[in-house]
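Undergrad: sharing a sequence plus its predicted fold:
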Amino acid sequence: MEFTGERYIPSEDGVIKYEHLHRYAIAKDFCKDRTVLDIASGEGYGSAMLSNIAESVFGVDIDPESIAHAQKEYAHKENLKFLLGSCDKIPLDDNSVEVVVSFETIEHHDKHEEMLAEISRVLTNDGILILSSPNKLTYSDEPNYQNPYHVKELYYEELRALIDKHFNYISTYGQKMGVSSFITSLESAADSSDLLASFTSQSKELIRKKISIPSPLYFLVICSNSHFEPLKSSLYRDEDDLYMRTRAQIMSLSDTCREISITARNLNAELKRAQTQSNESQLKLQDTQSKLQDTQSKLQDTQSKLQDTQSKLQDTQSKLQDTQKQLERNFFFIVKMTNKKLLKKIRRIFR
């Protein structure tokens, strides 16, 4: 199946994995040798986990694709059956299951009363419901976030009022990711019966204090019409420690950030040098442009004088041509007159 954000699938890692698997780990203690309904079973991984300890498990989901996937993926589980159905129309008989788990389901629709009525119908008289729901205050209001797949989220008071209508015995819990330091036995690491002691610091004093989570991100409700043993505070730790892996990633990113910071400083220094050179070049360019403008002005003045000179030259040439023509006329006139006198003298001689 492809992860869309609406349903958790086992291929996803990180916080969402811790949150979902911790809930199913809690549910296992109530499911041993019992008939279980996992409402909104999604990919089917949780139903399959519960089937390892339960007598039988029914996974019900409204999405045909999810049901088809789960039926194929977990076909080898003989005590596990996946059915198409909805929260307000569960395809099971009355008083047919001893435990109902419903994790991150109620916020995906607005038929809350119908859902609780249907769960009460299929549960036996002493059956148990284990239900989780996001805390609207811390999940959506405070971070100003809206999950596109959520239809109606609930505040604590609304969730409690809804549950109170259908069950006599109710225990509520908070779930939230956090960072802690763990000290555990190395000799009995596999022994899950050890009680978890918790400590904190207040006013510079170390005190032993019951684990509590202010402003939980999710509510976990365990309810029944018969008395049941309340949960002990618990933690989920994955073999692939998210904190250490994230810490290593943060340290790597921190090293990268330092390298980027050094590079940025060097680039900033180079930029300043380049800006200084650019300013100097700009001043030189302005000076050169100023000189060029002066030269262009002088050139224009010279060109103007040249044009005047050329005009005077043309005028002088024109006058010279006129003078030459006049000289030529005078010359020919003189020659003509001189020739006439000379002819007369010759004639006198030959008489």
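TA: Cool, the structure landed.

Undergrad: which residue ranges of the protein form strands?
TA: Under the criterion DSSP state E, the chain contains strands at 35-39, 56-61, 80-84, 97-102, 123-134, 169-175, 199-202, 205-208, 218-224.

Undergrad: which stretch among the ones you listed comes nearest residue 181?
TA: With C-beta to C-beta, the closest approach to residue 181 among those belongs to strand 199-202: 9.1 Å. For the C-beta atoms, the positions are set from N, CA and C on the backbone; glycine is no exception.

Undergrad: let me see the mean pLDDT of the closest one.
TA: Average pLDDT, strand 199-202: 68.

Undergrad: which residues does residue 20 contact?
TA: 8, 46, 103, 104 (C-beta atoms under 8 Å, 6 or more residues apart in numbering).

Undergrad: how close does it sit to residue 43?
TA: For residue 20, the distance to residue 43 equals 10 Å [C-beta to C-beta, to the nearest Å].

Undergrad: over to residue 109?
TA: 19 Å.

Undergrad: so for those two, which sits in the more crowded spot?
TA: residue 43 (23 against 17; other C-beta atoms under 10 Å).

Undergrad: check what pLDDT that one gets.
TA: The model's pLDDT for residue 43 equals 94.

Undergrad: which helix is the longest one in this protein?
TA: With secondary structure taken from DSSP state H, the chain has its longest helix at helix 242-349.

Undergrad: which of the contacts of residue 20 scores worst on pLDDT?
TA: Within the contacts of residue 20, residue 8 has the lowest pLDDT, namely 77.

Undergrad: per-residue pLDDT, the nearest residue to residue 34 once chain neighbours are set aside?
TA: Closest residue to residue 34 apart from its sequence neighbours, by C-beta to C-beta, 6 or more residues apart in numbering: residue 98 at 4.2 Å. At residue 98, the model reports a pLDDT of 98.

Undergrad: quickly note the distance from residue 122 to residue 2.
TA: 31 Å.

Undergrad: what do you get for residue 309?
TA: 90 Å.

Undergrad: try residue 281
TA: Counting by C-beta to C-beta, the gap from residue 281 to residue 2 is 57 Å.

Undergrad: higher neighbour count, the two?
TA: Each of residue 281 and residue 2 has its neighbours counted (other C-beta under 10 Å); residue 281 has more, 10 against 7.

Undergrad: let me know the pLDDT of the more buried one.
TA: 92.

Undergrad: low-confidence ranges, the stretch 51-200 of the chain, go.
TA: 182-199 (pLDDT under 70).

Undergrad: in it, which spans are helices?
TA: In the stretch 51-200 of the chain, the helices defined using DSSP state H, counting those that start in this stretch lie at 64-73, 112-122, 136, 156-164.

Undergrad: could I get those helices as TSV with distance to residue 232 and mean neighbour count?
TA: Shown next, in TSV, are the helices of the stretch 51-200 of the chain (distance: least, C-beta to C-beta, whole Å; neighbours: other C-beta atoms under 10 Å):
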stretch	distance to residue 232	mean neighbour count
helix 64-73	31	16
helix 112-122	25	18
helix 136	27	19
helix 156-164	21	15
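
Undergrad: in JSON lines, list those helices along with distance to residue 31.
TA: Compiled in JSON lines, these are given as follows (distance: least, C-beta to C-beta, whole Å):
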{"stretch": "helix 64-73", "distance to residue 31": "18"}
{"stretch": "helix 112-122", "distance to residue 31": "15"}
{"stretch": "helix 136", "distance to residue 31": "28"}
{"stretch": "helix 156-164", "distance to residue 31": "20"}
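
Undergrad: nearest to residue 340, of those helices?
TA: Relative to residue 340, the nearest member of the helices of the stretch 51-200 of the chain by C-beta to C-beta is helix 64-73, separated by 136.0 Å.

Undergrad: quick revisit: for the contacts of residue 20, work out which two are farthest apart.
TA: 46 and 104 (10.5 Å).

Undergrad: for the spatially closest residue to residue 174 that is not a sequence neighbour, give me its contacts.
TA: Closest residue to residue 174 in three dimensions, ignoring its sequence neighbours and counting by C-beta to C-beta, 6+ apart: residue 216, at 2.7 Å. The neighbourhood of residue 216, defined by C-beta under 8 Å, 6+ apart, consists of 135, 138, 173, 174, 175, 176.

Undergrad: can you tell me the closest non-neighbouring residue to the third one?
TA: If the residues on either side of it in the chain are set aside, residue 173 comes closest to residue 220, at 4.2 Å by C-beta to C-beta, 6+ apart.
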